[in-house]
Each structure stands twice: as C-alpha cells, then as structure tokens.
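Novice: predicted model follows, preceded by the sequence.
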Amino acid sequence: MDTNGVPEPRPAESNKTQAGHRLAELSIRYPVTVCMIFVSFIVLGLVSVTKIPLVLTPDITFPFIGVWVPYPNATPGQIQESIAKPLEEALSTVPHVQRLMTRSSDREVFIGMTFDWGQDVDWLRSQVREKVEQIRKELPDDVDQIFVRNWSTNDEPVVEGQIASGRDLRNAYDFIDLKIKKPLERLSGVAEVEIWGVERKEIDIYLRLDDLKRHHVDVSGLFRKMDNANLNVSLGRVLDGGLRYGAITQGSMSSLEAIRNFPVNDGGIRLAEVADI
C-alpha cells in the first residue's frame, strides 16, 4: 500500500510467465494426458534414433540425365551435324523434359536434360536409352559407345587419395590404371573409380586437305583402313601334334613410326605425307 492506504497495482505478468502458469495448470488438471504426450515424444525420439540412418548427406537424385558420346575423329561442326542434331531431335520427345542443352567439341558431344522434380529418374533414364537406340543407325558407323547416366548425392566420392613419386607421373596413366584403378574397381561395393591429374596417352593426327586432294586420298576410306589395321582379331584355335593354340592376327600399330609409315593408298603414299602427327 502507499502512504494513503491505497493498494499498489501488481506488475503485469509476462507472456512466458503466463504460459508457464497455464502449463502447470494443465499438468495438475490433466495429469494422465500430459504424461501420455511426453511418453509419445520419447517414443518418437527413440524410433527416430534407431530407424533414421546417419549419413553425411541425404540421398537426393537430381532430375538430370546426361548423354555423352565420345567421337575423336571429327571437328565440332561435323559432330554437331552428324551426332548432336539427331540426338537432340530424338531426346526432345522424352516426357517431362524442361530444358535440353548441348555442348560439342572436337572429341565428344554432351547433351544434358533437365526434368521436373518428383519424376521417376530410373524410368526416364530407360526412356532416354530407348530413344538413343532408335536413332543409333542414323549416327556415324564409327560411334563406338553412348553413355547415359544420372546423378545423385551418393555419387560424391567417399574416399580420395593422392599418388606421389620422385619421377614425373604425367605419363604414368597406363601404370596407374592397371595397378591401382582396376584393382579398386574389383572391390565389393565400389561403384566407380576416377583418375585425375594424368591423361591417357594419345596421338593426334591432323590431316592436310590440300595434300589429300593432290594424292587423291579418300578420307572415309582412310579411316576405315586405319581401323582395320588397328584391330586384333581372333582366328580361333589351331591343333598341332595334340597341342591346341589360340591364333589371333596382330593388327595394332604399336609405335609412332608405324603410324607415320602407314600406307594411305596403293601408290605408296604414307600417312606422314598427308598429315601432321
């Protein structure tokens, strides 16, 4: 009370205090109901701990499918006309396509397809493969492989390693591929192994059009001739004195000099005379 005997007003309670009072009142008035609510929360927590897996990232499959076609024997313009356009026309009819993009280079063509979220990506991938097979005959005969794949968060690398040596490893791709990559791929549970930092050995051949015309060399015939000369074909088995041997034709060009001296026609013209190698 103040000096005049009038009682002083009580301070207003805060929202938190009022909520606490209501919770206490409910607990006293309905003890069984409150206990059941808390028990339900505890049970849900235990179920979550035991049933939900512990992972670094959730398994999310992105609505994106890529089609990759390696083709090292043509220019970007030729690849665009002979491979990219037929594939684009066929893949544009796949259901639920939102966006289609194409990238062509002098070695490959890549077509990326974006779909609506919530679609069955496995079913869409089968549709893409079906469209690719339908127009396979329209593509150049020397297209060996067409890769179709999709991506998810589980595709991220789980283990990464580095290889160090006292010598230059830039030319060690074949050794790393044989001794490290292939044994790792054979391990149970390993989906994919990639090598970064070193490249496979390649020999680039740049044909000189003026020299080809002067020597009357057919380019498509030259490609077929080189493909046939670079094949190892099995001839079956040969029996000799009770022993059985496997016979093959050795057709691979194993050295740079053999490639330079490869005959391009019946007139004795060598590849080095019409191309930069």
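Specialist: Nice, thanks for sending it over.
Novice: show me where the stretch 101-250 of the chain has strands.
Specialist: 108-115, 147-152, 206-207, 233-240, 243-249 (DSSP state E, counting those that start in this stretch).
Novice: my read: residue 170 touches residue 201, true?
Specialist: No. Counting by Cβ atoms under 8 Å, residue 170 sits too far from residue 201 to count as a contact (10.0 Å). (Each C-beta comes from the backbone N, C-alpha and C, glycine too.)
Novice: which residues of the stretch 51-200 of the chain fall in helices?
Specialist: 76-79, 85-91, 121-134, 173-176, 182-185 (DSSP state H, counting those that start in this stretch).
Novice: out of those helices, deepest packed?
Specialist: helix 85-91 (a mean of 17; mean count of other Cβ atoms under 10 Å).
Novice: which regions of this protein sit below the pLDDT cut-off?
Specialist: 1-20, 53-59, 73, 153-157, 230-254 (pLDDT under 70).
Novice: which strand runs longest in it?
Specialist: Ranked by residue count and defined by DSSP state E, the top strand of the chain is strand 61-70.
Novice: which strands border that one, and is each parallel or antiparallel?
Specialist: Using DSSP bridges, the strands paired with strand 61-70 are strand 108-115 (antiparallel), strand 147-152 (antiparallel).
Novice: can you put the helices of the stretch 51-200 of the chain in CSV and add distance to residue 44?
Specialist: Output for these, formatted as CSV (distance: least, Cβ to Cβ, whole Å):
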stretch, distance to residue 44
helix 76-79, 57
helix 85-91, 46
helix 121-134, 31
helix 173-176, 50
helix 182-185, 42
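Novice: and the ones you listed: which comes nearest residue 211?
Specialist: helix 76-79 (19.5 Å; Cβ to Cβ).
Novice: helices or strands next to the closest one in the packing?
Specialist: Counting contacts by 3 or more Cβ pairs under 8 Å, 6 or more residues apart in numbering; DSSP states H and E, helix 76-79 packs against no other helix or strand.
Novice: so how far is it off the chain centroid?
Specialist: 22 Å (Cα atoms, centre = their mean, to the nearest Å).
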